[in-house]
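*Asks:* Turn this into a structure:
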Amino acid sequence: MKTTSPKQKSHEWAKALRTGDKIIYNDGREGHKDVDGVVLSHYSNGMAVQFEDRAAPNTILFNEAGWMDFLKPAPMKKFAPDKGKNDNAYSNGERAERGQEMVALHPDQDGYDTAVDALADILHYIHREGHNPEQAVKTALMHYNHEA
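*Replies:* Numbers count the residues shown, from 1 in each chain. Down below sits the predicted model:
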């Protein structure tokens with residue numbers, strides 16, 4: 001019977017990551033503690049990750065213990081419904097309600113899938129109006145991260 005070394009970890013969680021998900025690298029060495037990364041691409045056997053301390057992305061295979069043993073998913077920020085409220089903006093709670101109203105227009109679909117479709121529709125609108133959809137996503141994420 002084959003036994004698993006106590007040092008070996010399950011890396012199944014990484015196979016569920018999606019493009020845009022955040023991860024953390026920490027091997028305990030100075031300069032390698034709690035380094036934030038973003039999944040740029042996800043494949044059946046690995047992923048491309050951009051770490052905050054590197055100029056170029058890294059390709060990490062799920063069977064590479066030298067990488068995988070030191071990675072973990074980044075914790076999600078707690079939702080703060082009252083944050084973001086001022087004279088010129090909606091609060092996070094009000095924005096979430098607006099998003100829920102848009103998703104409710106399509107009750108025949110899963111809420112997550114409908115929300116992703118709505119984002120894609122908005123990107124097509126931005127493109128049609130002569131603007132750069134990728135820049136709009138970057139700007140929107142910057143706003144979201146600042147407000148969340």
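*Asks:* hey, let's count contacts and neighbours off CA atoms from now on
*Replies:* Fine.
*Asks:* Any regions of the protein where pLDDT drops low?
*Replies:* Across the chain, the ranges flagged by pLDDT under 70 are 1-10, 84, 86-88.
*Asks:* what's the single longest strand in it?
*Replies:* Assignment by DSSP state E gives strand 35-42 as the longest strand of the chain.
*Asks:* strand partners of it, parallel vs antiparallel please.
*Replies:* strand 22-25 (antiparallel), strand 46-51 (antiparallel) (DSSP bridges).
*Asks:* could those be laid out in JSON lines, adding distance to residue 68?
*Replies:* Below are the strands paired with strand 35-42 laid out as JSON lines (distance: least, Cα to Cα, whole Å):
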{"stretch": "strand 22-25", "distance to residue 68": "9"}
{"stretch": "strand 46-51", "distance to residue 68": "10"}
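*Asks:* who wins for proximity to residue 130 among these?
*Replies:* strand 46-51 (29.0 Å; Cα to Cα).
*Asks:* what residues does that closest one touch?
*Replies:* Contact with strand 46-51 is made by 15, 35-42, 56-62, as judged by Cα atoms under 8 Å, 6 or more residues apart in numbering.
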